[in-house]
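# how does the following fold in three dimensions:
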Amino acid sequence: MLIAGEGGPADPKRALSLLKDRSDNAGADAVLGRLYAEGKLVPRNVQEAVRLIGHASQWDLDARRQVLQLLATIRSAGE
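As a prediction, this is how the structure comes out:
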């Protein structure tokens, strides 16, 4: 919500700070991982994205699918 400015002014720096502070939360890790995969708010880092999204993939089928897509991207690009 802070990233998109839903319900108030956008504050991406604060949102990123809150996500990084919640390293014990699989949902927050998945969101942070998606940001690493996009490379908009943080530098693109597919390996870090896979690691973070992988935490949520234990409970979330969509997260597991996204990890597999990112791994396929790494393999095809030779990253």
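# going by C-alpha atoms from here, please, whenever you check contacts or count neighbours.
Noted.
# show me the shaky parts of the protein.
Within the chain, the stretches with pLDDT under 70 are 23, 78-79.
# buried residues in the top helix by length along the chain?
Assignment by DSSP state H gives helix 61-77 as the longest helix of the chain. Neighbour counts using 16 or more other CA atoms under 10 Å place A63, R64, Q66, V67, L70, L71 of helix 61-77 among the buried residues.
# distance to M1 for these - can I get that in a markdown table?
A markdown table is the format used below for those (distance: CA to CA, whole Å):
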| residue | distance to M1 |
| --- | --- |
| A63 | 20 |
| R64 | 23 |
| Q66 | 21 |
| V67 | 23 |
| L70 | 24 |
| L71 | 28 |
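# just the C-alphas of the longest helix of the chain, formatted as CSV.
The C-alpha coordinates for helix 61-77 follow below in CSV (Å, rounded to 0.1, in the frame of the first residue of the first chain):
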residue,chain,number,x,y,z
LEU,A,61,1.4,-22.3,-4.9
ASP,A,62,1.7,-19.0,-6.8
ALA,A,63,5.0,-18.2,-5.0
ARG,A,64,6.3,-21.7,-5.9
ARG,A,65,5.3,-21.1,-9.6
GLN,A,66,7.0,-17.7,-9.6
VAL,A,67,10.2,-19.3,-8.2
LEU,A,68,10.2,-21.9,-11.0
GLN,A,69,9.7,-19.1,-13.6
LEU,A,70,12.6,-17.1,-12.1
LEU,A,71,14.8,-20.2,-12.1
ALA,A,72,13.9,-20.9,-15.7
THR,A,73,14.9,-17.3,-16.5
ILE,A,74,18.2,-17.7,-14.8
ARG,A,75,18.9,-20.9,-16.7
SER,A,76,17.9,-19.6,-20.1
ALA,A,77,19.8,-16.3,-19.6
